[in-house]
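Peer 1: using only what follows, build the 3D model:
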Amino acid sequence: MSALASGLPCATDVWPLRADQLNKGLLRAVFAVLLMAMLAACGTTGTGSGTRTPAPQTSPPPTFNLAGYSAPYKRGHADGCAQRRDDRLFRDDADYMMGWNDGRSACAKKQR
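Peer 2: Numbering: from 1, shown residues only. Take a look at the predicted model:
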């Protein structure tokens with residue numbers, strides 16, 4: 001008994017796409033899903049086996065007990081240890097200058 005004779009709708013009436021159109025649509029959908037998955041994988045971050053090289057490990061600056069010293073001395077000590085200098089403060093502030101000289105000397109000794 002055919003679908004037309006029974007009064008039931010034909011499969012082509014319910015789904016108006018032909019088989020070749022259905023296959024093209026299905027292939028496009030699968031391709032789109034795979035493409036999105038590949039693009040999403042490229043955007044992930046983590047500690048995987050990527051090609052990034054780790055940052056060089058630098059030792060933290062040595063710690064010193066500077067309790068009781070003035071703020072300019074402490075700043076000068078830190079700057080001296082880091083080998084940078086605020087020329088204006090070095091010229092105008094004796095505490096900064098003394099701290100910078102002490103910091104440079106102390107950190108040079110610790111790095112040897």
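Peer 1: what helix or strand does the nearest residue to Ser70 once chain neighbours are set aside sit in?
Peer 2: In space, Ser70 comes closest to Asp95 once its chain neighbours are excluded; the distance is 4.8 Å by CB to CB, 6 or more residues apart in numbering. The way it works is simple: take the backbone N, C-alpha and C, and place the C-beta from them, glycine included. Per DSSP states H and E, Asp95 falls inside helix 94-111.
Peer 1: distance of the residue nearest to Ser70 from Arg104?
Peer 2: Separation of Asp95 from Arg104 (CB to CB, to the nearest Å): 15 Å.
Peer 1: please read off the pLDDT at Leu39 from the model.
Peer 2: Here the pLDDT value assigned to Leu39 is 79.
Peer 1: can you check Leu34 too?
Peer 2: 83.
Peer 1: also Gly25?
Peer 2: 76.
Peer 1: neighbours of it, how many?
Peer 2: The local packing of Gly25 (other CB atoms under 10 Å) involves 11 other residues.
Peer 1: and it, how far is that from Arg84?
Peer 2: Relative to Arg84, and taking CB to CB, Gly25 is found at 65 Å.
Peer 1: and Thr63, by the same measure?
Peer 2: 18 Å.
Peer 1: quickly find the element holding Pro72.
Peer 2: Per DSSP H and E: Pro72 is located in helix 71-81.
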